[in-house]
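Visitor: Sharing a model prediction with you, sequence too.
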Amino acid sequence: MTDPVQTETPAEAPVPPLVALGQLIQANSGGAVYGFKVAYGELTLLAERARICEVLKYLRDDPDCRFQQLVDLCGADYPERAKRFDVVYHLLSLTKNHRIRVKVQTDEDTPVPTAVSVYPNADWFERETFDMYGVFFDGHPDLRRLLTDYGFHGYPLRKDFPMTGYVEVRYDDEQKRVLYEKVQLPQEFRNFDFLSPWEGAVDYVLPGDEKAKTSPN
């Protein structure tokens, strides 16, 4: 009898490091991290809003993670969603030389637990996110506007915020005080075709400006 032909089983491809890290974090999160994705060489974790502090503490303290620094905290607006806002945390591990992104979702009324107890520098980041998007942070020690003034109306980085804003500020010499007034647009809207930055110039012609009226020789 001839010996049976033995075939070699192909070795499984190694799991990329970021995928392995995402799998490890999700497995150890107790359901607080419900998903992750790797895109453009970056790992993004998708976390439950109510358990974000639990997730951040794990990422900061676990020996396999050690993300000691909160580099940034910001918002993103997706008006077509019921939970229109993403709150995004960018973390850095000096020990592991890794960066990671954590996202939670919320709506206009549901606050996100503040991360100040985990990363104290989240204080001003959360104030900025509140100022720009109107996202509330439950338990924040001083949640008020940071970049806009006290009388500002609306949240400038929401997709539905008008380019002109809602109010304008001016100093009144007669009343000797700052006034907040509804935006006035006295100039009529014009249609620009943007083909020439010098539309209407008649005293000179620039090379490539076919629209300008040339002067007679």
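Guide: Here it is on my side, so go on.
Visitor: so the closest residue to L185 other than its chain neighbours, which of the three states?
Guide: Taking Cβ to Cβ, 6 or more residues apart in numbering, and ignoring the residues beside it in sequence, L185 has T164 as its nearest neighbour in space, at 6.8 Å. No exception for glycine: its C-beta is placed from N, CA and C like everyone else's. Judged by DSSP: H, G, I helix; E, B strand; the rest coil, the three-state class of T164 is coil.
Visitor: I'd say T164 and V183 touch.
Guide: Yes. With contact defined as Cβ atoms under 8 Å, T164 reaches V183; the gap is 4.9 Å.
Visitor: Quick one: the helices in the protein, in order.
Guide: All helices of the chain, identified by DSSP state H, fall at 17-28, 52-61, 122-133.
Visitor: Let's have those in JSON lines, adding distance to D72 and mean pLDDT.
Guide: Below are those laid out as JSON lines (distance: least, Cβ to Cβ, whole Å; pLDDT from 0 to 100):
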{"stretch": "helix 17-28", "distance to D72": "19", "mean pLDDT": "95"}
{"stretch": "helix 52-61", "distance to D72": "13", "mean pLDDT": "97"}
{"stretch": "helix 122-133", "distance to D72": "7", "mean pLDDT": "97"}
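Visitor: Need the winner for burial among the ones you listed.
Guide: The highest average neighbour count among the helices of the chain, using mean count of other Cβ atoms under 10 Å, belongs to helix 122-133 at a mean of 21.
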